[in-house]
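Student: With the sequence up front, the predicted model follows.
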Amino acid sequence: MNTPTPQSRPIRVWHDVDARVFREEILSQHQPAVLRGVVRDWPVVRQALRSPQHVCAYLKQFDSGVDVNAIMTPPDAQGLVSYRDDMSGFTFVRNRLPISAIIDQLLRYLGGGDRAPCVAAQSALISECLPGFLGENVLPLLDAAVLPRIWLGNRITVPAHFDEAHNIAACVSGRRRFTLFPPEQVENLYVGPLDYTPAGAPISMASRARPDFDKYPRYRDALAASLSAELEPGDAIYIPAIWWHQVESVGQLNILINYWWGGSIGVNDRSISPTNALMHCLVNMKDLSPDVRLAWKAIFEHFVFNPDPQRLDHIPEARRGVLDALSPDALRRIKDVLIAQLQQ
């Protein structure tokens, strides 16, 4: 007898969220939240509720002509952005086109169903490709300095991955199905290579869209611990940093606007990234013996992950160096030392 697929628990839903509620009651919990109707008054959402043609015309009026990253999957990939079965490549091809050209492709494929290829513009910075859009569609929950990005496509599924930054993703057109996994589920997600990924972030090789429990048996445990939600136009979701999330676009025209903040995305200094530290650790430690790696685990637990400020009380503040807050000049000196060592 087939064992039933574990069901996700629903993500908590919030209504009538303003900036104070988001900051004090949602963000402080570091838990996912659905923000029902938070952008329902956006002009772009009103156009999307009229028809795909109306929302496309609305977007095209802002197009600057700048090329953005785009992908296309063949029909047999069913829109899954992942690896080929033998991992010799990916299930999609990349291109760079203006937003209007991608919109024209999507309009041609409307009604094509499973026979149509899947197309998407991914993570395009709105201030560059759609100037003027932001003046009419404002998210009041965040500081205006947080620059949003647009994701535009048809039936695309992005496997579970994580971002270093916090994320608010607002559904404008179509529906979006989110499946979220707590960070500690990493061992049950069968994460692929860290340095060979479809879009920079490591992804789960298991997929809720097409689960294979014979190949990925621990994925059942991940699903049992997962949370899920489906967004309609006007809804948004808050995804805390480092939470794994799979995103499925449902329908023939899907538009999502997302806001990342608090991580390395949007930071000029690209060296500020825990992922860089992870890669550095792997290069330095993977060949150490198990007992030595275990010893280093204790060192990291104490110096990196121990939140108790009293652990440094025995060191005068002026001598804590990298163990304490650093001035920009001190941080630069430490980075220069690390760069010099890496170049040897």
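Tutor: Arrived safely, thanks for sending.
Student: Where do the strands of this structure begin and end?
Tutor: Here the chain has its strands, by DSSP state E, at 9-10, 13-15, 33-36, 67-73, 93-98, 118-125, 149-153, 157-161, 166-181, 227-231, 236-239, 244-261.
Student: Serialize the ones you listed to JSON lines and add fields for mean pLDDT.
Tutor: Shown next, in JSON lines, are the strands of the chain (pLDDT from 0 to 100):
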{"stretch": "strand 9-10", "mean pLDDT": "96"}
{"stretch": "strand 13-15", "mean pLDDT": "98"}
{"stretch": "strand 33-36", "mean pLDDT": "98"}
{"stretch": "strand 67-73", "mean pLDDT": "96"}
{"stretch": "strand 93-98", "mean pLDDT": "96"}
{"stretch": "strand 118-125", "mean pLDDT": "95"}
{"stretch": "strand 149-153", "mean pLDDT": "97"}
{"stretch": "strand 157-161", "mean pLDDT": "95"}
{"stretch": "strand 166-181", "mean pLDDT": "97"}
{"stretch": "strand 227-231", "mean pLDDT": "97"}
{"stretch": "strand 236-239", "mean pLDDT": "98"}
{"stretch": "strand 244-261", "mean pLDDT": "95"}
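Student: Quick check: can you list the domain ranges of this protein?
Tutor: Residue ranges for each domain of the chain read 9-261, 274-342, as given by automatic domain parsing.
Student: comparing those domains, which gets the lowest mean pLDDT score?
Tutor: Among these, domain 274-342 has the lowest mean pLDDT, at a mean of 89.
Student: quick revisit: same list (the strands of the chain) but as CSV, adding distance to residue 206.
Tutor: Bear in mind the C-beta positions are built from the backbone N, C-alpha and C, glycine included. Shown next, in CSV, are the strands of the chain (distance: least, C-beta to C-beta, whole Å):
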stretch, distance to residue 206
strand 9-10, 18
strand 13-15, 27
strand 33-36, 24
strand 67-73, 18
strand 93-98, 24
strand 118-125, 20
strand 149-153, 22
strand 157-161, 8
strand 166-181, 10
strand 227-231, 15
strand 236-239, 19
strand 244-261, 9
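Student: Of all the ones you listed, which one comes closest to residue 134?
Tutor: Minimum separation from residue 134 across these (C-beta to C-beta) falls at strand 244-261, 9.6 Å.
Student: Now the closest one: buried residues?
Tutor: For strand 244-261, the neighbour count (16 or more other C-beta atoms under 10 Å) marks 244-249, 252-261 as buried.
Student: Direction included, what does it pair up with?
Tutor: strand 149-153 (antiparallel), strand 157-161 (antiparallel), strand 166-181 (antiparallel) (DSSP bridges).
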